[in-house]
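[1] I need the structure of the sequence given here:
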Amino acid sequence: MASASTLPSLDEHPGVSYIMPVLNEEAHIKDAVLSVLGQEYDGPKEVVLALGPSTDCTNRIVAELQAHEPRLRSVTSPTGRTPAGLNLALQVSKHPVIVRVDAHTELEPHYTARAVETLRRTGAADVGGLMDAQGKTAFQRAVAAAYVSPLGLGGAAYHSGAPEGPAESAYLGVFRREVFNEVGLFEESLWRGQDWDMCLRLRQAGYDVWFDPELKVTYWPRASFGKLVRQFYAAGIWRAELARRHREGKSVRHFMPPLLVASLVGGASGVVLSATGATRHAPAWLKYLTAAAGLVPVLYGAGVAYASATMAGELGKPERVRMLVVLPGIHVSWGLGYLRGRLLGAAGTVDTSRRKS
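    Got it, this is the predicted structure:
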């Protein structure tokens, strides 16, 4: 089995290749690219964009940036799917350190320098840091607050923070190029969750995946409720697909949203049965069970109201009001997606939240 100690030592300032799959990101692509080009890092840099079949102005914006920046290259990604784009960009990149970047994100100025230092210091194959969710609108700020709360997403260190050390997965990821020769490229049949799958293969090969809270990436959440629920529905489906494929892909926290969905459905059914008198002649135990089930939606609603009042921290009333729909939107859509994925598999499910409309 390989070991992290088998990786050759890195130069102090090795060359860095940033790889970014891009599809319909006209609102974010310029800032994302400029945040990469503006990295305060002394080593050589290149940016390779994998351009999918965007239907907005993304590719035109990229062409304008390329006209003034020789370090910015692109390859065509016919499917526009994230893992395929990552692999295409990776294969034409040239430097020993690979930095995965998302078009919905912006890197802090010292991100690359810190990541390279952490790779050198720890001997890890992949390092990652905090997803610092931010918002430009009240809705986005509400979603951002949900991202960093255990009542919203929680769980993973890169959402809520944790001490520095080995981790299960890394957000985006800064990789040693050598490890791809051993464990292979990103799994293209996983249209979502390919980063977790890559981290699993690295750990199984004996390498360390490392979380460093000093690394921070600004992430811009989906800007509308419709896109949010479509994103999390797809995320739930693909997380279930990972659980179907890998024994290690299961966690207790993954079962909570689908359990919530089942409880809400059962509770609503109990209310209907009681209201229509369908349980009038039922045994006493069934009446009590139906009444108890009917309390679930009420208790969940109260919990959402409490969380909305406390999670938003210093945010204002507009964000707190929107949290009342953001939290159920995340929980229910992810839970429904997970149930669908466990029963039927991902079956080519597309995250339609990245479409222009």
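[2] switch to C-alpha atoms for all contacts and neighbour counts from now on
    Noted.
[3] shaky segments in the stretch 101-250 of the chain?
    Along the stretch 101-250 of the chain, the model assigns pLDDT under 70 to residues 153-161.
[4] what about the helices in the protein?
    Under the criterion DSSP state H, helices of the chain are mapped to 29-37, 58-66, 82-92, 111-122, 138-147, 157-160, 178-183, 194-204, 225-245, 252-275, 284-311, 317-344.
[5] isn't residue 307 up against residue 151?
    Yes. Residue 307 lies in contact with residue 151 (CA atoms under 8 Å); the separation is 7.3 Å.
[6] okay, the helices of the chain, which one's buried deepest?
    Neighbour counts (mean count of other CA atoms under 10 Å) averaged over each of the helices of the chain peak at helix 138-147, with a mean of 25.
[7] just checking, what packs against that helix?
    Identification of packing neighbours for helix 138-147 by 3 or more CA pairs under 8 Å, 6 or more residues apart in numbering; DSSP states H and E yields strand 126-133, helix 317-344.
[8] quick one: residues in contact with the shortest one.
    What it means is strand 126-133. The contact list for strand 126-133 (CA atoms under 8 Å, 6 or more residues apart in numbering) reads 115, 118-119, 144-145, 147-148, 157-161, 170-176, 199, 208-221.
[9] what's the answer for stretch 263-280, then?
    Residues outside stretch 263-280 that contact it (CA under 8 Å, 6+ apart): 286-287, 290-297.
[10] residue 106: how many residues sit nearby?
    By other CA atoms under 10 Å, 24 other residues sit near residue 106.
[11] need the contact list for it.
    Residue 106 makes contact with 31-33, 35-36, 217-219, according to CA under 8 Å, 6+ apart.
[12] what do you get for residue 201?
    Contacts here follow CA under 8 Å, 6+ apart; on that basis residue 201 touches residue 183.
[13] any regions of the stretch 251-357 of the chain where pLDDT drops low?
    273-274, 311-314, 354-357.
[14] coming back round to it: tabulate the helices and strands packed on helix 138-147 (JSON lines), appending distance to residue 49.
    Formatted as JSON lines, the helices and strands packed on helix 138-147 follow (distance: least, CA to CA, whole Å):
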{"stretch": "strand 126-133", "distance to residue 49": "20"}
{"stretch": "helix 317-344", "distance to residue 49": "29"}
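[15] surely residue 19 is in contact with residue 49?
    Yes. Here residue 19 reaches residue 49: they are 6.0 Å apart, a contact under CA under 8 Å.
[16] intersection of neighbour lists for the two?
    Here residue 19 and residue 49 have residue 89 as joint contacts, going by CA under 8 Å, 6+ apart.
[17] related to what we said a few turns ago, quick one: which of the helices and strands packed on helix 138-147 is nearest residue 6?
    strand 126-133 (14.2 Å; CA to CA).
[18] one step back: kindly reformat the contacts of residue 106 as JSON lines containing distance to residue 253.
    Output for the contacts of residue 106, formatted as JSON lines (distance: CA to CA, whole Å):
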{"residue": "31", "distance to residue 253": "34"}
{"residue": "32", "distance to residue 253": "31"}
{"residue": "33", "distance to residue 253": "34"}
{"residue": "35", "distance to residue 253": "34"}
{"residue": "36", "distance to residue 253": "34"}
{"residue": "217", "distance to residue 253": "24"}
{"residue": "218", "distance to residue 253": "25"}
{"residue": "219", "distance to residue 253": "23"}
